[in-house]
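[1] Everything below, folded, please.
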Amino acid sequence: LALILDMLAKSGATLSDEVDALPRYSMIKQKLSHPDLDSQAALSATAELFSDGDVDSRDGIRVAWDERWVQIRASNTEPIVRVFAEAPTTEEARGLVDKVIAHVNRSLGLELEVS
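    All right, here's what the predicted structure looks like:
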């Protein structure tokens, strides 16, 4: 709190001015399931799909670009995988998630239940 107050005192701006200056992002989350789902194969398929981004495999597969990212990870408590995406617009985030779902369906020959 002290750092924020210091920044506001130095800039002369209001807190709402500073918040308004922050970039806005939209996040989409989807849960995928199927009785025959091989979560590791789903993760591998996603890594192959996005060769143009920075791939991080520490917690599932996360692919990042300058202003957007998508992640697919297996649940530790349920037989599902989750797909998350964040981008400047809802449409772009939705497009990333839909691309992952379609590719995993094709790659694994499944019709995943999406919720």
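
[2] show me what contacts Q71?
    Q71 makes contact with D59, G60, I61, R62, V63, V83, F84, A85, according to Cβ atoms under 8 Å, 6 or more residues apart in numbering. All C-beta atoms are positioned from the backbone trio N, CA, C, and that covers glycine.

[3] what's the most distant pair in those residues?
    The distance between the two most remote of the contacts of Q71 (Cβ to Cβ) is 15.0 Å, for D59 and A85.

[4] Including pLDDT, could the contacts of Q71 go into TSV?
    Shown next, in TSV, are these (pLDDT from 0 to 100):
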residue	pLDDT
D59	91
G60	92
I61	93
R62	95
V63	95
V83	96
F84	97
A85	98
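
[5] Just name the closest of those to G53, please.
    G53 has its nearest neighbour among these in V63, at 4.0 Å by Cβ to Cβ.

[6] my guess is that closest one contacts L43, does it?
    No: with contact defined as Cβ atoms under 8 Å, V63 does not count as touching L43 (11.1 Å).

[7] the more surrounded of the two?
    V63 (23 against 19; other Cβ atoms under 10 Å).

[8] buried sites along the helix ranked longest in the chain?
    Assignment by DSSP state H gives helix 90-108 as the longest helix of the chain. Within helix 90-108, the residues scored as buried using 16 or more other Cβ atoms under 10 Å are E92, A93, G95, L96, V97, K99, V100, I101, H103, V104, N105, L108.

[9] Rounded mean pLDDT for it, please.
    Here helix 90-108 scores 92 as its mean pLDDT.

[10] counting contacts, what elements does it pack onto?
    When contacts are defined as 3 or more Cβ pairs under 8 Å, 6 or more residues apart in numbering; DSSP states H and E, helix 90-108 sits against strand 26-33, helix 39-49, strand 69-74, strand 80-87.
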